[in-house]
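Asks: below is the structure, and that's it, no one-letter string:
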């Protein structure tokens with residue numbers, strides 16, 4: 001009987017993570033003698049518009065989801081509740097051996113909770129069981145409990161059976177929280193798997209020409225901005241201060257802003273639209289005729305990767321972009337006071353500035369003077385993380401424990417033990 005693995009996607013950052021998992025499963029199933037993994041892909045519909053979903057599925061060559069829950073937008077609580085309600089029926093119908101969730105979105109914690117509270121039944125075998133739960137990108141901590149994502153991370157990790165980590169600090173966080181070392185697997189970063197796989201294809205993108213950023217073989221200096229964290233965009237005064245800082249930077253190099261729909265809505269509601277100029281609707285006349293932040297629609301994965309690869313600097317409050325710029329060697333100015341990805345700070349490509357306009361301008365000018373650095377890649381960020389994950393799951397593909405048995409099979413480990421090495 002095939003080993004059934006059910007993976008969940010919902011928010012845009014997780015498409016890149018699950019793409020690597022899908023590729024590794026296909027490769028595993030083609031190996032002679034390997035136990036087949038039956039893979040069910042569930043899309044919760046958290047990002048349901050074409051720019052936030054369909055473009056990424058096409059760029060990443062992701063298979064069409066087997067199931068689409070159609071949850072749609074909503075408050076964090078409403079979205080989480082809707083995913084939980086819909087996902088229970090999926091579990092009862094599919095009866096997977098393992099449910100795999102990635103990252104820290106509402107869909108991840110919602111599906112994690114349902115997984116560990118749902119009793120599935122295999123009638124032919126006469127057994128009842130709780131599916132196992134695997135968390136990709138486990139152990140990351142910002143230690144800021146005001147961030148909804150931090151709550152999602154902590155809760156998901158606390159009930160997972162497999163915790164796949166991207167950096168060594170995550171291993172330490174999990175062990176300090178009392179997670180058995182037998183459940184922790186340091187495998188590397190699936191986001192980087194996808195980036196490395198698609199770098200060559202991204203070079204075919206025409207985005208630099210479309211945005212008038214290239215002149216033949218020469219690429220002009222420019223910055224990229226992404227902005228969506230509630231702490232940065234929900235308060236109009238904070239948002240206005242950030243936009244003023246970006247405007248000051250844009251006097252020295254263009255800033256390209258693929259705006260998150262929610263961020264753009266808040267900018268418009270706060271009457272801050274004068275800071276922006278729509279690149280495709282309003283210009284440019286020549287490029288530098290108006291000093292404003294250049295608004296573009298949300299970009300597909302390949303276009304954004306190509307744009308990011310050539311940027312002078314990236315200004316962001318995203319977690320995943322901190323990791324991608326680290327591998328690309330692109331300076332990253334993170335608009336947060338903390339990060340759950342400290343390895344990006346240690347490797348010299350990332351700096352935290354919070355929402356302080358003076359720090360943003362100062363660091364941007366420093367980057368203009370200093371240029372890029374080429375630090376070594378973090379450990380195990382080598383393009384093989386998804387293969388390690390699939391190998392671990394395939395080697396541990398025993399049936400889930402019957403409900404009568406203890407739900408957690410691993411005893412508490414001593415804190416000085418090391419997490420499982422890649423297999």
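Replies: Done, it's in. Since this is a predicted model, take the numbers as computed values, not measurements.
Asks: what about the strands in the stretch 151-300 of the chain?
Replies: Assigned by DSSP state E, counting those that start in this stretch, the strands in the stretch 151-300 of the chain fall at 162-165, 184-186, 214-215, 218-219, 223-225, 255-258, 276-278, 293-296.
Asks: what's the fifth one in contact with?
Replies: Same thing as strand 223-225. Strand 223-225 is contacted by residues 246, 249-250, 253-258, 293, 307-308, 311-316, 364 when judged by CB atoms under 8 Å, 6 or more residues apart in numbering. Placement of C-beta: from N, CA and C, glycine included.
Asks: rewinding a little: got TSV for the strands of the stretch 151-300 of the chain, with mean neighbour count and distance to residue 66 too?
Replies: As requested, those are exported to TSV (neighbours: other CB atoms under 10 Å; distance: least, CB to CB, whole Å):
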stretch	mean neighbour count	distance to residue 66
strand 162-165	26	21
strand 184-186	24	26
strand 214-215	13	40
strand 218-219	10	41
strand 223-225	25	34
strand 255-258	24	30
strand 276-278	18	38
strand 293-296	22	33
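Asks: residue 316 versus residue 304, what's the distance?
Replies: Residue 304 sits 11 Å away from residue 316, going by CB to CB, to the nearest Å.
Asks: rewinding a little: dump the strands of the stretch 151-300 of the chain into CSV; add distance to residue 339 as well.
Replies: Shown next, in CSV, are these (distance: least, CB to CB, whole Å):
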stretch, distance to residue 339
strand 162-165, 16
strand 184-186, 19
strand 214-215, 32
strand 218-219, 28
strand 223-225, 18
strand 255-258, 21
strand 276-278, 27
strand 293-296, 24
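Asks: how about a markdown table for those, with mean pLDDT added?
Replies: Shown next, in a markdown table, are the strands of the stretch 151-300 of the chain (pLDDT from 0 to 100):
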| stretch | mean pLDDT |
| --- | --- |
| strand 162-165 | 98 |
| strand 184-186 | 97 |
| strand 214-215 | 84 |
| strand 218-219 | 92 |
| strand 223-225 | 97 |
| strand 255-258 | 95 |
| strand 276-278 | 86 |
| strand 293-296 | 92 |
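Asks: would you tell me which of these gets closest to residue 121?
Replies: Across the strands of the stretch 151-300 of the chain, residue 121 has its closest neighbour in strand 162-165 (22.8 Å, CB to CB).
Asks: which residues touch the closest one?
Replies: For strand 162-165, the external contacting residues (CB under 8 Å, 6+ apart) are 98, 132-139, 157, 171, 174, 179, 183-187, 385, 389, 392-393, 396, 419.
Asks: ok but residue 91 is inside a helix, no?
Replies: Yes. Counting by DSSP: H, G, I helix; E, B strand; the rest coil, one finds residue 91 located in a helix.
Asks: nearest to residue 267, of the strands of the stretch 151-300 of the chain?
Replies: Proximity to residue 267 (CB to CB) singles out strand 276-278 among the strands of the stretch 151-300 of the chain, at 7.1 Å.
Asks: that closest one: partners in the sheet, and parallel or antiparallel?
Replies: In the sheet, strand 276-278 lines up against strand 293-296 (parallel) (DSSP bridges).
Asks: chain center to the strand it pairs with: distance?
Replies: Offset of strand 293-296 from its chain centre (CA atoms, centre = their mean, to the nearest Å): 23 Å.
Asks: check which element follows that strand along the chain.
Replies: As assigned by DSSP states H and E, the chain's next helix or strand after strand 293-296 is helix 301-309.
Asks: identify all contacting residues around that next one.
Replies: With contact meaning CB under 8 Å, 6+ apart, helix 301-309 is reached by 15-16, 55-56, 59-60, 195, 198-199, 201-205, 207-208, 211, 213, 224, 256, 258, 299, 314, 321, 324-325, 328, 330.
Asks: what's the answer for stretch 35-45, then?
Replies: Surrounding stretch 35-45, the residues in contact under the criterion CB under 8 Å, 6+ apart are 2-10, 18, 22, 25, 28-29, 53, 62-72, 83, 86-87, 90, 94, 96, 107, 110-111, 390, 393-394, 397.
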